[in-house]
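Q: Dropping the sequence and predicted coords here.
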Amino acid sequence: MSSTLITGIGELVTCDGTSSDLLGIRSNAALVVEDDTIAWIGAAAEAPAADAKIDVGGRVIIPGFVDSHSHLVFAGDRAAEFAARMTGEPYDGGGIGVTVAATRAASDDELTRLLAGRIAELRALGTTTVEIKSGYGLTVADEVRALTIARQFTPEATFLGGHVVPAEYAHDRAAYVDLVTGPMLEAAGPYARWIDVFCEPHSPHAFDADEARQILKAGAAIGLGLRVHGNQLGPGPGVQLAVELAAASVDHCTFLDDADVDVLADAADTTVATLLPGVEFCTHSPYPDAARLLAAGVSIALASDCNPGTCYSSSMPWVISLAVREMGMTPAQALFAATAGSAKSLRRTDIGQLTVGNRADLAVLDAPTYLHLAYRPGVPIAHVLDLAISSQRASARP
Ligand code: NIG
Ligand code: FE
């Protein structure tokens, strides 16, 4: 076992949920990490000895971001679709078929290489946990392949055979739902922790409430946790369905009526509303009303939804700046939602909060206060703190 003492912390943001301030900020604090675990947190003046020491020079330490919604296993490019949207084309999910074709045509090595590049990109911006969905294969073999590749990078793999009805089933939707709930789930389920479905009456390609219910119930029956894409393109049944089935998360929540907000507030211990403001930015859509949800007592997470169609960015700092600028969240609420909140949506308490015994997933901000996450949009101030590399550097110092 090797231990590392981290000192020189300008602001330690714990998100520990027990302090009087939401972020549980400690000043003059230090932290000891043993292997992958936080072993000690306390006053820097009382820090115990450790095998190695890292001085972060007055920077901020936060829990690494938990990006609880992404679609990173894909090939191909849809930049032209994005450009068309910026001049007024609406998004209806039809472009997903373009990515499905490109992904099916890619080799395993190519998909793995592309995913590895995207993982490096998000780590460079401070993300330490990422959930990854399948959903651009939509055959038994291609969905299994996507999840196998995703599992090389994260335990938070989600089966999204219910992303859209692929073109070859457009005239027999029921047969596709049978495939997803039958042979596809049977083959893909063992590689996934979660099942998700795109429940959206405003897309001709996505699933209605009855189809989505069938898919989610089949996943629950083999022990998968539930997640739902809901209320993205207009009012719809996604939120109600997610709460009815005790899903861990309902994601997007862009168009909610009062009844949706009420059920989410009642279900706050079980179902998290995951907001994805990068999608609204990249699809020219109105933003979800986070302030209304927070006032009602809804549990909120922030995630990127990084995907080739509605948001090709995995930048959690950017998501935080959008949440603050466009959705009425305070910088503290946004950072909490991007760490502890998104961990809750994955039903994890070992990440997203810096407490003794938790995973030592740390990010460092090149800034004197966490406020800089929203204050310096687009500037790469957040990085994962790689303990091995940092302590080598520290010990190499004269
Ligand atoms: O979360 N809404 C459905 N799925 C993705 C978009 C996928 C795509 O357009 O490729 C989303 O926005
Ligand atoms: Fe998504």
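A: Sure, I can see it. Ligands and ions are numbered 1, 2, ... in the order given.
Q: Which positions in the chain make contact with ligand 1?
A: Contact residues, the chain versus ligand 1 (Cβ under 6 Å from any ligand atom): 71, 93, 95-96, 99, 198, 229, 232, 279, 305, 307-310. (Glycine included, C-beta is placed from N, CA and C.)
Q: Is there a neighbour count for the residue in the chain positioned nearest to ligand 1? I'd like the number.
A: Closest to ligand 1 within the chain is Gly309: 2.1 Å, counting by Cβ to the nearest ligand atom. Residue crowding around Gly309 was assessed by other Cβ atoms under 10 Å; the count is 23.
Q: Spell out which residues sit in contact with it, please.
A: By Cβ atoms under 8 Å, 6 or more residues apart in numbering, the residues touching Gly309 are Arg78, Glu81, Tyr91, Gly93, Gly95, Ile96, Thr99.
Q: Among these, name the ones in helices.
A: Residues of the contacts of Gly309 located in helices (DSSP state H): Glu81, Ile96, Thr99.
Q: picking that back up, so which of the contacts of Gly309 is the most crowded?
A: Result: Ile96 is most packed of the contacts of Gly309 (other Cβ under 10 Å), 25 neighbours.
Q: Excluding residues flanking it in the chain, which one is nearest that one?
A: Nearest non-adjacent residue to Ile96, counting by Cβ to Cβ, 6 or more residues apart in numbering: Val164, 4.9 Å away.
Q: Counting neighbours, what do you get for the one you found?
A: 25.
Q: pretty sure it is in a helix, no?
A: No: going by DSSP: H, G, I helix; E, B strand; the rest coil, the assignment for Val164 is coil, not a helix.
Q: Tell me who's in contact with it.
A: So Val164 contacts Gly93, Ile96, Gly97, Val100, Leu138, Phe198, Ser203, His205, Ala206 (Cβ under 8 Å, 6+ apart).
Q: Kindly recompute the last result at 7 Å.
A: Applying Cβ atoms under 7 Å, 6 or more residues apart in numbering, we find Val164 in contact with Gly93, Ile96, Phe198, His205, Ala206.
Q: can you pull out the helices in the stretch 251-398 of the chain?
A: 258-266, 277-283, 290-296, 316-326, 331-336, 342-345, 372-375, 387-396 (DSSP state H, counting those that start in this stretch).
Q: Met184 contacts Gly161, doesn't it?
A: Yes: Met184 is within contact range of Gly161, at 4.7 Å (criterion: Cβ atoms under 7 Å).
Q: Residues that sit against both of the two, list them.
A: With Cβ under 7 Å, 6+ apart as the test, Met184 and Gly161 both reach Glu143.
Q: so where's the stretch 1-150 of the chain uncertain?
A: Along the stretch 1-150 of the chain, no part satisfies pLDDT under 70.
Q: ok, which stretches of it are strands?
A: Shown for the stretch 1-150 of the chain, the strands assigned by DSSP state E, counting those that start in this stretch span residues 3-7, 11-13, 25-26, 29-34, 37-43, 52-55, 60-63, 65-67, 127-130, 132-133.
Q: Tell me which of those sits most buried.
A: strand 65-67 (a mean of 32; mean count of other Cβ atoms under 10 Å).
Q: Starting from it, tell me which strands it pairs with and how they run.
A: Strand pairing for strand 65-67, determined by DSSP bridges: strand 127-130 (parallel).
Q: And the partner strand, how far out from the chain middle?
A: In this view, strand 127-130 has its centroid 8 Å away from the chain centroid, taken as Cα atoms, centre = their mean, to the nearest Å.
Q: One more: stretch 344-351?
A: That offset, for stretch 344-351, works out to 11 Å (Cα atoms, centre = their mean).
Q: all strands of the stretch 201-350 of the chain, in order?
A: Going by DSSP E, counting those that start in this stretch, the stretch 201-350 of the chain shows strands at 225-230, 249-252, 272-275, 300-302.
Q: who's more crowded, Met184 and Gly161?
A: Remark: of Met184 and Gly161, Gly161 carries more neighbours, 32 against 26, as counted by other Cβ under 10 Å.
Q: Cross-check the contact I'm expecting between Lys22 and Pro331.
A: Heads up, residue 22 is Leu, not Lys. No: Leu22 lies out of contact with Pro331 (Cβ under 7 Å); the separation is 10.3 Å.
Q: neighbour-wise, which of these two wins?
A: Pro331 (19 against 16).
Q: And for that one, nearest residue in space, chain neighbours not counted?
A: Nearest to Pro331 is Ala374, by Cβ to Cβ, 6+ apart, at 4.7 Å.
Q: Check the burial of the one you found by counting its neighbours.
A: A count of nearby residues for Ala374, using other Cβ under 10 Å, gives 21.
Q: So the residue nearest to Ala116 when sequence neighbours are not counted versus Ala105, what's the distance?
A: Closest residue to Ala116 apart from its sequence neighbours, by Cβ to Cβ, 6+ apart: Phe153 at 7.5 Å. Going from Phe153 to Ala105 by Cβ to Cβ, to the nearest Å gives 22 Å.
Q: what about these two, which has more around it?
A: Phe153 (17 against 10).
Q: That one contacts Thr112, doesn't it?
A: No: using Cβ under 7 Å, Phe153 is not in contact with Thr112; the gap is 9.1 Å.
Q: Now do the helices in the stretch 51-200 of the chain.
A: In the stretch 51-200 of the chain, the segments counted as helices under DSSP H, counting those that start in this stretch are 79-86, 96-105, 108-123, 140-151, 173-179, 185-188.
Q: Any chance of JSON lines for the ones you listed, columns distance to Met316?
A: Below are those laid out as JSON lines (distance: least, Cβ to Cβ, whole Å):
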{"stretch": "helix 79-86", "distance to Met316": "20"}
{"stretch": "helix 96-105", "distance to Met316": "23"}
{"stretch": "helix 108-123", "distance to Met316": "8"}
{"stretch": "helix 140-151", "distance to Met316": "19"}
{"stretch": "helix 173-179", "distance to Met316": "34"}
{"stretch": "helix 185-188", "distance to Met316": "27"}
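Q: and of the ones you listed, who's closest to Ile351?
A: Of all the helices of the stretch 51-200 of the chain, helix 108-123 sits nearest to Ile351, with 14.2 Å by Cβ to Cβ.
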